[in-house]
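**Q** Kindly generate the corresponding structure for this input.
(2 chains)
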Amino acid sequence: MLNLPEPMMHHRRSFFARSGHLLGGAAIAQLAAAAQVDASSGAHPAQGPHFTPKAKRVIYLHMVGGPSQMDLFDPKPVMHKWYDKDLPESVRMGQRLTTMTSGQSRFPIAPSKYKFHQVGECGMWMNKELLPNLARKADDICWMRSMHTEAINHEPAIAAMQTGNQITGRPCLGSWASYGLGTMNENLPTFVVLVAVPTNRDQEQAISSRLWSNGYLSGEHAGVSFRSKGDPILYINDPPGVSSSIRRRTIDDLNRLNAIAHARVGDPNTQTRMHQYEMAFRMQASVPELTDIASESAHTFELYGEDAKKPGTFANTALMARRLAERGVRFIQVYHNNWDHHGNLGGRMPYQCKDVDRPCYALLEDLEQRGMLDDTLVIWGGEFGRTIYSQGGLSKQNYGRDHHPRCFTMWMAGGGVRGGQIYGATDDFSYNIVEKPLHIRDFHATVLNLLGFDHERFSVKYQGLDQRLTGVLPAHVVPELLA
Amino acid sequence: MKQSTLIALVLAVTLWCLGDRLAAESPQYNRDIRPILSDKCFSCHGADSASRKADLRLDQRENAVEMGAITAGDLDASEMIQRILSDDPETLMPPPETKKALTAEEIETLTRWVEKGAEYQPHWSLIAPKKTQPSAVKDEAWIKNPIDRFVLSRLEAEGLAPAPEADALTLFRRLHLDITGLPPSPTDSQAFAIDYGRDTEAAMEAWIDRLMQRPTWGEHRARYWLDAARYGDTHGMHFDNYREMWPYRDWVIRAFNANQPFDQFTIEQIAGDMLPDPTDNQLIATGLQRCNITTNEGGTIDEENLAIYAADRVQTLGWIYLGVTTNCCQCHDHKFDPISMKDYYALAAFFRNTTQRAKDGNAKDGLGPVLVLPSDEDRPRWEEVPAEISAAEKVRDDRRSVAEPQFDTWLTEATPHSFEAGLFADQNILRLPLDEAEGDTIRSTSADTKKPNSHRSPVAPQWIEGGKFGKAPQLDEKSHFELGDLGRFEQDQPFSFGGWVKPLSKKNTGSILARIDQSNKDRGWDLWQNGNAFAVHLISEWPEKAIKTRVYQNRLQENQWQHVFATYDGSGKAGGVKIFLNGNQQPLLVEKDALPTDASIVAETPLRLGRRSDGAPFTGAVQDMRIYRRALYPREVKALANLPAIHQSLAQAQEPVAEVTDQEADPEQQKHNNAKKKARDEVFEHYLATLDGDFPALSRSVTDLQAEQAAIRNRSPMTHIQRERKDTPAMAHILMRGEYDKKGEQVTADTPAALHPMREGAPKNRLGLAGWLVDPANPLTARVTVNRFWQEIFGRGIVPTPEDFGVTGTLPSHGKLLDWLAIDFQQNGWDVKAFFKQMLMSHTYRQSAQTSEDKITVDRDNALLSRGPRFRMDAEMIRDYALASSGLLSDKMYGPSVRPYQPINIWDLVGLPGGNTRDYVQDAGEGLHRRTLYSFWKRMAPPPNLNAFNAPSREVCTVRRERTNTPLQALVTLNDPQFVETARKLAESALRNSKDTDSTAAYIAGRTLCRPLGDDERSIILGAHRDFLAHYRAAPDAANKLLAVGVTEPATGLDPAAVAAWTMVASEMFNLDEVLNK
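**A** Modelled structure (predicted):
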């Protein structure tokens, strides 16, 4: 319950008492409860799930740029025989290329320079050389090798992955989760965004706040970006020279003055404003505790590594994601950049993997140890995959790869996902899908299912249409992915 | 679950009340029926032919009757009614699987409608507005102008009484905010209150006029328009670099201040460039169409980008002028509104016929049409120079004609040596042709010496075939040459060096040409092979005092000839070194840039070809090496690199012409002659540039003028404008499913078929479109515009979906009023000021915002106007309010955008390396305190303190902002340094201008609440002040820290604890709901 100053409670009581003749007792109680949620967050009440969710919260690790599936998770040993040979036209089938390679005179195949190992009971073949820690979690993970999308350039592809539509302006997955399930912690935002800074920054892609915008959902469902430099939430800290007791006093004075104005004018928005300031105060009080990772045990840093102490690293971000999840944040969106390996893949991939390998392992392990993995869905993946043929120069040790939307690998764990399985398969060239294609729409439908929603019914009215994350084309929940 | 039960309950009650009222009259199609049909039926039985089921349309009476769905007055014969009443899931409509079940209320309404005759109406917004008289009102005395009659008659029908008139100070604050966007000064408030007390109407008239004369009027109105125009200071995609567009913003402000009639305002923005002899202002106005976001991302496809740009312009046009959401029609016919795909692409065609490019080049001019706006000082030259360029070009070209016969004579006898005589000689101190072809000795020349010198290698080099000028020597560990005491350069002298090089392997390192003393910390300079890159060293003491810079993009090509040349400008900085590969300047990576100005680079060792004093040998062939005692111009380096080609051309040009005798020309001979002609032209260009006495000077006068033009362009503001392509009519292809590469039928530019036609003879281009928009026959433009203006004042449009007047938009709350206003606006010559004045003079506007629980129950959103407008101000108004109250607000108008306070890390988080909007450099002075309208708008990271208050990103047209209340907003107004600083400044001026605590509190209240304090309020504020003062007296450090927020110096001569205490009071006042609301 909120600690509200007396005048306000009075007003609320009198308001509902006088509405009594219209609604009857039970309705009043519900209305009061609804108004409580409504006014305290300044927000509309959540829609509520269609059925019991398996995942209460989501940590979505987006690898910006599009990681190379055949160098990490989708081994194609037969390609070694194809070194520097042209990709057969029968495989390419004349489909769309980016203008970065569409002008190339030939498409020479670049076999992966990495050795793959089979790991876990599930027998997943993966790049254990660069991802030794993640490999230890293979049996908790659901490996999806047959993801595909239509988009071929970053901006539209990331938009499609996050919002289900290549054209910007739609709400993203996190906003939908916020809209559908609402908050679990009145002191923190429902949907938080963390942007990790990669060690290597050779070829980053643009990521902007439009990615976590609320689209046509109302503004409170936009992601709130936590920052690694400066204030963790913009303007969360009191100005220098203003103590918490002074701030408390300010809020109390505001409440009293606003109550006078409310008595005079009667605008219910004045009450909303009072709640808004109370919530801001509570947020101010809880964020320092949230961001104080020094309170973590030595065990935590053994798990995540020393990098976790450095603000902005992926390790630090992963740890923050866990702390946010622990405190009831519904959706945590993490971005890690620089996976766009058009050139020098051999030089850059080790940095990328080193950034994420141990923290991903640590995050899964940590959630499990805390008994949270069962109801926390962890997602890892980029916006598309990469081509088997080399872009630019090719040697056995080094090569670049262009964007490839026709197949790529993502993984999920926890939150009602059936771990220890490899879903879908691609051809020898990791160019086309040969088994169980998994469109991003199906992926979205499945994630919504884990969150307790029937994606076809989970909609909002906008421009006269029932807008859905999964859009108008057919989308299917994939039962095999579910535990 | 509980929520939905609750909602259902509330709905049921509301419907029950409404139902009672509606039962009396028969259902009207637009008001009662279409909302049901469009929600539940049209997606299968509507306008979209692709998704239509059973060929049945329920949106057209004719079809519905013909198909037997509706038989007027006969329920049994109306299949639609039978189907919606059916209890058989097989026949029930809507089909259960669509989850669109009709409510009992809806079924009842539809049934009654069919019973009463099933009359259809065209959609209201497509019927031309009519000026009708409102129903009579009971309280005639309340009416101040026609607006009130419409509003009051509705209120009376609803059984609501209007709110009492607001008191003078409240009313004036509202007026002031609505007209200027700023709070009133206490002086003005007082003056108004006195005038108002004397004569209410006269005071309103006079003060509205007076406030509208202030330039802040235009700034405030412009802000709304710039949302709609999607104005921003960056391109919006990928690099999101700077775009220069602010002259358009200035134009909008000026247009409102000049009260430009809205039709003219429209015509100039849609087609200013197509008006006869357009003025600069008319061209700037077309910037509306160039505000769309653009990209330069490498992989994007031009055709697709252009399709997206056009789509954005159509959407903007639709939202600003037509109240139609057009974007659905990119892929299919509109499901609800009468707009087909063909209509859509016909509209797109108006905007696709432009000279804009598909990629913006990440450049501020976006590589598209711009208007350069030179200063008054530059303007005369800017206007003269083009003619001078043409004249100079003519003189130059005349000289070319005169020189041609002389050249042809010269050509017959020219040799490579005569050709080069006197060329490249200026300040040349060394030339090594390296074309001896054999032996251990080479010769050198220079501009200063007549006789060549000779130099010996310890071991004779191997002379290899395939050099650029015959056989060339291959250097290695044993073969190298000492060249004597040449190249004794100090770091403040410019010089240049280099030549043709063919390195044996890209793995080697070594000095190609060096004067470096390895026994003295590598002092000297050299041209260096750094593995797969060429590099230059200037060294005093390696590695501490040295410059090293190398080529990093274009790798050295092993075992191939390349022309490598370095120039150095004597600046002592790495930036003064340029390296050219094959005549092209290369991007360089600076490895060291640490040469102190007093550190000598003169080495006491001879100049050497192929190594340094004691080693570092180069392995590879060399030819035509040169050193100059000056920094060569890039074009000179280019000419040097071009020499072998010119030699070849000369030889080719001197070959005999092959006779082509036959009519059927011999293709081989033709080819030969063409090549010869080309070679001859090349030699001629070279001849003109180097041997003709007059041509170089004439040519230089052209380039000088061009440089002058470029310099003015570079230092002048510019703004994006629209330009029509002259060579093609406005056309577009229908894109199947909206995909740029699936072209369908070609359509010419045209307006939607369902709306009024373009005037007879009107051109099918943007000029015709502009005329069509403001044509009195257009039922939409005026309505949509007055509705938006209404929304600015009342917080909610008469149609609350200002972008959508279509079937899926919300119906007008006061349809007749909207029509009356629209026609009145047109009849008054689209006079914007007069239109606003009329709204502000109405009794409707003057009502107090006071409400009651009854009113909230019936009219929560104030759609019925049962009280005065009260809503949270927009982001910009909140910031401007604080700045104005504190006295910090700068009144400077116009010009480039400014960069106020912003937390660190907002831009670089989303910015790309190399982008020019990655680092936010905050302004130091006035720029911190300008009106928010002038704040720099980076579209990928808009100002976060505005963003928190629902300011849009300006990526797309916005005609309605959201108005949410979130805790993040409270954090901004409490903690943002901008607001802390304004609170302190207000505290300081309050302390300066008052004699006791009471009057200090009153001063602050006068500038925030704009009214005197009530007793209850005063006692809270004074209590707060007392406690804050005690706190800060006890904690002087805290007081000083608080006072140090912001760049403005704390006032001198005031007690810091007192300032701190009043700062906190002022901050409280800024954060009051009453202050944050209009």
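
**Q** Which part of chain B gets nearest to chain A, residue-wise?
**A** Closest residue of chain B to chain A, C-beta to the nearest C-beta: B:Thr808 (2.6 Å). (Glycine included, C-beta is placed from N, CA and C.)

**Q** where does the stretch 201-350 of chain B have low pLDDT?
**A** B:335-336 (pLDDT under 70).

**Q** Show me the helices in it, by range?
**A** B:215-228, B:246-257, B:262-271, B:280-285, B:302-317, B:341-352 (DSSP state H, counting those that start in this stretch).

**Q** Highest mean neighbour count out of those?
**A** helix B:341-352 (a mean of 25; mean count of other C-beta atoms under 10 Å in any protein chain shown).

**Q** could you give the angle of it to helix B:262-271?
**A** 80 degrees (axes from the mean of the first three to the mean of the last three C-alpha atoms, to 10 degrees).

**Q** What is the burial count for B:Ala710?
**A** Neighbourhood size, B:Ala710 [other C-beta atoms under 10 Å in any protein chain shown]: 12.

**Q** Can you name the residues that contact the closest residue to chain B within the stretch 201-350 of chain A?
**A** Per C-beta to the nearest C-beta, the residue of the stretch 201-350 of chain A with the smallest distance to chain B is A:Gly241, at 3.1 Å. A:Gly241 makes contact with B:1037-1045, B:1060, according to C-beta atoms under 8 Å, 6 or more residues apart in numbering or on different chains.

**Q** Return only those of those found close to chain A.
**A** B:1037-1045, B:1060 (C-beta under 8 Å from any C-beta of the partner chain).

**Q** Now for these: which two are most distant?
**A** B:Asp1037 and B:Val1045 (13.9 Å; C-beta to C-beta).

**Q** C-terminal to the worst-scoring helix or strand of chain B on mean pLDDT, what's the next element?
**A** When the helices and strands of chain B are scored by mean pLDDT, DSSP states H and E, helix B:2-22 comes last with a mean of 44. Next helix or strand after helix B:2-22 toward the C-terminus (DSSP states H and E): helix B:34-40.

**Q** Look up how far B:His220 lies from B:Ile208.
**A** The gap separating B:Ile208 from B:His220 is 14 Å, by C-beta to C-beta, to the nearest Å.

**Q** Equivalent analysis for B:Ser125, please.
**A** For B:Ser125, the distance to B:His220 - C-beta to C-beta - is 28 Å.

**Q** swap in B:Asp1055?
**A** B:Asp1055 is 38 Å from B:His220, by C-beta to C-beta.

**Q** next one: A:Phe314
**A** 46 Å.

**Q** B:Leu92 contacts B:Met80, correct?
**A** No - using C-beta atoms under 8 Å, B:Leu92 is not in contact with B:Met80; the gap is 11.8 Å.

**Q** more crowded one of those two?
**A** Each of B:Leu92 and B:Met80 has its neighbours counted (other C-beta under 10 Å); B:Met80 has more, 24 against 15.

**Q** pretty sure the more buried one is in a helix, no?
**A** Yes - with DSSP: H, G, I helix; E, B strand; the rest coil as the criterion, B:Met80 is part of a helix.

**Q** Run through the residues that contact it.
**A** Counting by C-beta under 8 Å, 6+ apart, B:Met80 has contacts B:58, B:64, B:69-70, B:93, B:110, B:114.

**Q** can you count the residues close to the residue of the stretch 301-450 of chain A found nearest chain B?
**A** The stretch 301-450 of chain A approaches chain B most closely through A:His403 (6.8 Å), counting by C-beta to the nearest C-beta. The local packing of A:His403 (other C-beta under 10 Å) involves 26 other residues.

**Q** sec struct for it, please.
**A** strand.

**Q** That one pairs with what?
**A** Taking DSSP bridges as the rule, A:His403 bridges to A:Arg386.

**Q** B:Asp1037 and B:Val1045: which has the busier surroundings?
**A** With neighbours defined as other C-beta under 10 Å, B:Asp1037 and B:Val1045 compare such that B:Val1045 has more, 23 against 11.

**Q** Next, the more buried one: secondary structure please.
**A** coil.

**Q** tell me the SS of the nearest residue to it once chain neighbours are set aside?
**A** Leaving out its chain neighbours, the residue that sits closest to B:Val1045 by C-beta to C-beta, 6 or more residues apart in numbering or on different chains is B:Val980, at 4.4 Å. For B:Val980, the assignment made with three-state DSSP gives helix.

**Q** got it, and B:Leu538?
**A** strand.

**Q** where does the stretch 101-250 of chain A have low pLDDT?
**A** Those would be none, if you go by pLDDT under 70 across the stretch 101-250 of chain A.

**Q** Surely the residue of the stretch 301-450 of chain A closest to chain B and A:Glu155 touch.
**A** No - applying C-beta under 8 Å as the test, A:His403 and A:Glu155 come out as separate, 11.7 Å apart.

**Q** Which strands or helices does the lengthiest helix in chain B pack on?
**A** Ordering each helix of chain B by length in residues (DSSP state H) puts helix B:379-413 first. When contacts are defined as 3 or more C-beta pairs under 8 Å, 6 or more residues apart in numbering or on different chains; DSSP states H and E, helix B:379-413 packs onto helix B:667-690, helix B:695-715.

**Q** Could you check how far B:Gln60 is from B:Gly46?
**A** Counting by C-beta to C-beta, the gap from B:Gln60 to B:Gly46 is 9 Å.

**Q** Over to A:Ala46?
**A** For A:Ala46, the distance to B:Gly46 - C-beta to C-beta - is 32 Å.

**Q** Might you report the residue contacts of whatever residue of the stretch 51-200 of chain A ends up closest to chain B?
**A** The nearest approach of the stretch 51-200 of chain A to chain B comes at A:Thr98, 3.5 Å away (C-beta to the nearest C-beta). A:Thr98 sits next to A:152-153, A:402-403, B:298-299 when contact means C-beta under 8 Å, 6+ apart.

**Q** That one belongs to a helix?
**A** No - using three-state DSSP, the assignment for A:Thr98 is coil, not a helix.
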